[in-house]
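A.B. asks: model the structure of this input:
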Amino acid sequence: MTARLHIPKIVAITNESPDWSSEDKLDADDTWNRLLDGLASEGHTFDAFKFYDDLDCLDRFDPREWLVWNFGEEWNGVAWSEAAVADELERRGFAYTGSPPDVLRLTQSRMGVKQRLLAAGLPTLPASVLTDPLQSIEWTVYPAIVKGANQHASFGITGDSVVHTPEDVAERVRFLRHHFADDALIEPFLDTREFQVGVWGNDHPRALPPSEIVYSMFTEIRDRLHTAAWKRDTESRGFKEIQMPCPAPTDRPDWRGRIEEVAVKAYKVLGLRDYARFDLRMLGDEPQILDVNSNPELDVTSVVVAGAKANGLTYGQMATQIIQFASTRMPRARERLVI
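C.D. replies: This is a model prediction of the structure:
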């Protein structure tokens, strides 16, 4: 007799807003369909639903038998309200993939993440939060980059986010306030090599092979950014020309080891769960954590997907591993003896 972890039935959920453009829906559906195809390829019993402002689709499912694959990033059309989705799943008693609500809320705050990392002695750049364009004169380190203080990943970041003067800073503060109703976070811009790394697991998390975002074909500093537009616009120069080799870096195994070490430590410090992504740039030989994504998309550009593939896993096998991580939290989770 051998012990094997029970693989539950899966109910997959993702959000869709009636206000989305057809292009946005097609983009989201590409990742959604990759997941469903992966689950099917692995022989999972599953059902799948899109939601907007309720999860009544879960009413007929027993949390003791069904695990929720949670791709929900919005509740009722509110941007970056993924914690509210997790709150509702908790209220209904479901175990689900991904981080819990408190961690999702923490990682929505770039300054909150930095403070937690710095308190743990982990490398991240100094930064300030600006609430008014007049505060731009207080920042003196250039070049710098201005991001939304509470935005998700690269949303709100364009080539103009790289700033060189107080006037540039003031303009970005106004931009973020007008377009995103958000404060601005400013930090030094490292015009150096950039890496992403996925980390997964719970009791013993481990790093997947990192990837590098190669900008060597771009001569302008403002182009050496992996913006949201360049990730999604298949006709853009960035989408066509940016290279993302994985594993990386092959020329600096010492860097790779340190990148993976820093990411795993940060994953633990932040209380992340199942899988997450870290963005880093080098300051000398030390990687600096630039961004933490506690609910990363598993799309065509995903470093989690690329890292799993580098380890010999298909998309479906990667999804099955994440399901195994999450299934230990099910109400009746236990190891079952099978002959």
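
A.B. asks: tell me what the helix of greatest length in the chain is packed against?
C.D. replies: With secondary structure taken from DSSP state H, the chain has its longest helix at helix 22-41. Applying 3 or more C-beta pairs under 8 Å, 6 or more residues apart in numbering; DSSP states H and E, we find helix 22-41 packed against strand 9-15, strand 46-51, strand 66-71, helix 315-327. All C-beta atoms are positioned from the backbone trio N, CA, C, and that covers glycine.

A.B. asks: the last one to helix 22-41, inter-axis angle?
C.D. replies: Helix 315-327 runs at 80 degrees relative to helix 22-41, counting by axes from the mean of the first three to the mean of the last three C-alpha atoms, to 10 degrees.

A.B. asks: pLDDT on helix 315-327, on average?
C.D. replies: Here helix 315-327 scores 98 as its mean pLDDT.

A.B. asks: export that helix as PDB, just CAs?
C.D. replies: Extracted in PDB, the C-alpha atoms of helix 315-327 (Å, rounded to 0.1, in the frame of the first residue of the first chain):
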ATOM      1  CA  TYR A 315       0.700  23.500 -18.900                       C
ATOM      2  CA  GLY A 316      -1.600  20.800 -17.600                       C
ATOM      3  CA  GLN A 317       1.100  19.200 -15.400                       C
ATOM      4  CA  MET A 318       1.900  22.600 -14.000                       C
ATOM      5  CA  ALA A 319      -1.800  23.100 -13.200                       C
ATOM      6  CA  THR A 320      -2.000  19.700 -11.500                       C
ATOM      7  CA  GLN A 321       1.000  20.600  -9.300                       C
ATOM      8  CA  ILE A 322      -0.700  23.800  -8.200                       C
ATOM      9  CA  ILE A 323      -3.900  21.900  -7.500                       C
ATOM     10  CA  GLN A 324      -2.000  19.500  -5.300                       C
ATOM     11  CA  PHE A 325      -0.600  22.400  -3.300                       C
ATOM     12  CA  ALA A 326      -4.000  23.900  -2.800                       C
ATOM     13  CA  SER A 327      -5.900  20.600  -2.100                       C
END
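
A.B. asks: what angle do that helix and strand 9-15 make?
C.D. replies: Using the same axes, to 10 degrees: helix 315-327 against strand 9-15 is 100 degrees.

A.B. asks: so which elements touch helix 315-327?
C.D. replies: Judged by 3+ C-beta pairs under 8 Å, 6+ apart, helix 315-327 is in contact with helix 22-41, strand 66-71, strand 194-201, strand 274-283, helix 303-310.

A.B. asks: can you give me the offset of the last one from its chain's centre?
C.D. replies: In terms of C-alpha atoms, centre = their mean, to the nearest Å, the centre of helix 303-310 is set 14 Å apart from its chain centre.

A.B. asks: just the angle for that helix relative to helix 315-327, thanks.
C.D. replies: Using the same axes, to 10 degrees, helix 303-310 lies at 110 degrees relative to helix 315-327.

A.B. asks: so what does helix 303-310 touch, helix or strand wise?
C.D. replies: Counting contacts by 3+ C-beta pairs under 8 Å, 6+ apart, helix 303-310 packs against strand 194-201, strand 211-213, strand 274-283, helix 315-327.

A.B. asks: deepest-packed of the helices and strands packed on helix 22-41, please.
C.D. replies: Compared across the helices and strands packed on helix 22-41, strand 66-71 shows the largest average neighbour count, a mean of 23 (mean count of other C-beta atoms under 10 Å).

A.B. asks: now it: mean pLDDT?
C.D. replies: Averaging pLDDT along strand 66-71 gives 98.

A.B. asks: make TSV out of the helices and strands packed on helix 22-41 and add distance to Asp191.
C.D. replies: Formatted as TSV, these follow (distance: least, C-beta to C-beta, whole Å):
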stretch	distance to Asp191
strand 9-15	36
strand 46-51	41
strand 66-71	34
helix 315-327	33
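
A.B. asks: got the contact list for the longest helix of the chain?
C.D. replies: Identification of contacts with helix 22-41 by C-beta atoms under 8 Å, 6 or more residues apart in numbering yields 10, 12, 14, 16, 20, 46, 48, 69, 71, 232, 297-300, 314-316, 318-319.

A.B. asks: if we can go back for a sec, output the helices and strands packed on helix 315-327 as CSV; include the columns distance to Val85.
C.D. replies: Formatted as CSV, the helices and strands packed on helix 315-327 follow (distance: least, C-beta to C-beta, whole Å):
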stretch, distance to Val85
helix 22-41, 15
strand 66-71, 7
strand 194-201, 20
strand 274-283, 15
helix 303-310, 19
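
A.B. asks: that older thread, in TSV: the helices and strands packed on helix 303-310, plus distance to Gln243.
C.D. replies: Supplementary listing: these in TSV, determined by distance: least, C-beta to C-beta, whole Å:
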stretch	distance to Gln243
strand 194-201	12
strand 211-213	8
strand 274-283	16
helix 315-327	21
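
A.B. asks: His152: what's it in contact with?
C.D. replies: By C-beta under 8 Å, 6+ apart, His152 lies in contact with 73, 79-80, 108, 293.
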